[in-house]
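>>> Pasting the sequence and the predicted model now:
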Amino acid sequence: MLYASFNQKITRICVGTKKGFLIYSIDPFKCLYKSEQGGCSIVEILDETSIVATVGTGDHPTSSRRLVKIFDMDASKKIKEICRLPFETPVLSIKFNRKRLVIVLEGEIHIFNTENVSFLTKITTNPNPKGLVALSVTSSNSHQMLLAYGCSSGTLKGDLILYDPTSLERFRILKEIHNHPLQSIQFSLDGKLIATASEAGTLIKILPVFDEMGDRFSFRRGSQAADISSIAFNKHSTLLAVSSTNGTVHIFDMKDGQERQSQPKNTFSMIGDLVWGEEARSFTTVKLPQGLNNLVAFSSDSSRVFTITQDGNFCQWNLEKSRPSSWTSGVPQCKLAREDVLLSDLYFGDDEEQNEHDKKQ
């Protein structure tokens, strides 16, 4: 498995392999679409539609990493290529919602109208070798859609730019959120909060996007450095999940971080222009294999935590609602509720082969 992602509503899973891509539904868990039209290093689906964007692996002339292909998967599971978008350098990331398609290169961000795939603008950025960006899911009556990306270069500070892809103007700059360059950023599902982690990987910080005087949150993942793989909010922004290649997913209660913001002022520390309180710690964890890239998300009712690991396993974990009265016994772990295997190259084939594999799960 080369790539995996959840859709915006956490109801679909996209998988890229050396041969093509697969799209799964989560509930019920089943393969909706599959394609063997060439290796995919990036696969993203538009919400719960049949529109899929892919980038090749670069190991074949027809599978270029400088080319975005957009497909429509119809009800008969036939694949129709809608368009191709060529670029001069490799595509590192794709984000899109129903209004905007965002394509990230190492030093550029290209923005398109999703409806007709018309080009809108290009943003020149500092080097961004990981293609780190976040796009809020949708615009609403009360809050605008925003794009977030780092703006630090040649500095240890973690600065963040918020950009309005509707008006095509810079919205806000958040200075020195971290003491190191950013490694992970993620909007809440309603777009009102943004979570950040730096390359140190020890602290997770959450800021209000629109209310500069709103509550800020700070959570400690651990004391040792780690590569943050994924950050996720639940539907109502009451829980936060953070995963790393160290193999532990930390689940935080948002009110724990907020409660610590009401401490006396002498417990606060200054980072840039922002004031932070003592960091809250996770109330439960999920254990994953160490050394593997992974993704984390919440079910819509927040009763389960979803994880995808680089070895192709999709797991659902029961989230314990009750909180221990004492921390002396350590942080409790979530219990595995279900495990499925996301199909690798081995299982590409006809429907009979797919059904035979499903019977074994």
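Great, that's in hand. Just so it is clear, the model here is predicted, and its values are computed rather than measured.

>>> Report the distance from stretch 59-69 to the chain centre.
Offset of stretch 59-69 from its chain centre (Cα atoms, centre = their mean, to the nearest Å): 23 Å.

>>> Need the distance between the two termini of that stretch.
16 Å (Cα to Cα, to the nearest Å).

>>> What residues of it count as buried?
63-65, 67-69 (16 or more other Cβ atoms under 10 Å). The C-beta positions use only the backbone N, C-alpha and C, and glycine is treated the same way.

>>> between these, which is closest to C40?
Nearest to C40 among the buried residues of stretch 59-69 is S63, at 8.0 Å by Cβ to Cβ.

>>> show me what contacts the nearest residue to the closest one once chain neighbours are set aside?
Computed as Cβ to Cβ, 6 or more residues apart in numbering, the closest residue to S63 that is not its neighbour in sequence is G56, at 3.2 Å. By Cβ atoms under 8 Å, 6 or more residues apart in numbering, G56 lies in contact with 38-41, 62-65, 67, 69.

>>> For those, work out which two are farthest apart.
Greatest spacing in those, by Cβ to Cβ: S41 and T62 (13.7 Å).

>>> quick one: which of the contacts of G56 sit in strands?
Those of those mapping onto strands are 67, 69, per DSSP state E.

>>> Lowest-confidence member of the contacts of G56, which is it?
Lowest in pLDDT among the contacts of G56 is T62, which has 81.

>>> Quick check: that residue vs R84, distance?
Distance from T62 to R84, counting by Cβ to Cβ, to the nearest Å: 11 Å.

>>> on that earlier part again, out of the contacts of G56, which is nearest to L203?
S41 (30.2 Å).

>>> In contact with the closest residue to the closest one other than its chain neighbours, which residues?
The shortest distance from S41 to any residue other than its chain neighbours is 4.9 Å, reached at T57 (Cβ to Cβ, 6+ apart). When contacts are counted by Cβ under 8 Å, 6+ apart, T57 touches 2, 18, 38-41, 63, 65.

>>> 10 Å instead?
By Cβ atoms under 10 Å, 6 or more residues apart in numbering, the contact set of T57 is 2-3, 16-19, 38-42, 63-65.

>>> okay if I get those as JSON lines plus distance to R220?
JSON lines is the format used below for those (distance: Cβ to Cβ, whole Å):
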{"residue": "L2", "distance to R220": "32"}
{"residue": "Y3", "distance to R220": "30"}
{"residue": "G16", "distance to R220": "33"}
{"residue": "T17", "distance to R220": "36"}
{"residue": "K18", "distance to R220": "38"}
{"residue": "K19", "distance to R220": "41"}
{"residue": "G38", "distance to R220": "43"}
{"residue": "G39", "distance to R220": "39"}
{"residue": "C40", "distance to R220": "36"}
{"residue": "S41", "distance to R220": "33"}
{"residue": "I42", "distance to R220": "32"}
{"residue": "S63", "distance to R220": "42"}
{"residue": "S64", "distance to R220": "42"}
{"residue": "R65", "distance to R220": "37"}
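
>>> picking up where we left off before, now the common contact residues for T62 and R84.
Common neighbours of T62 and R84 (Cβ under 10 Å, 6+ apart) are K69.

>>> where are the low-confidence patches of the stretch 201-350 of the chain?
Scanning the stretch 201-350 of the chain for pLDDT under 70 picks out 257-279, 321-330, 344-350.

>>> Going along the chain, name the helices of it.
254-259 (DSSP state H, counting those that start in this stretch).

>>> out of all of them, which strand in this protein is the longest?
Max-length strand for the chain by DSSP E is strand 169-178.

>>> No further queries at this time; thank you.
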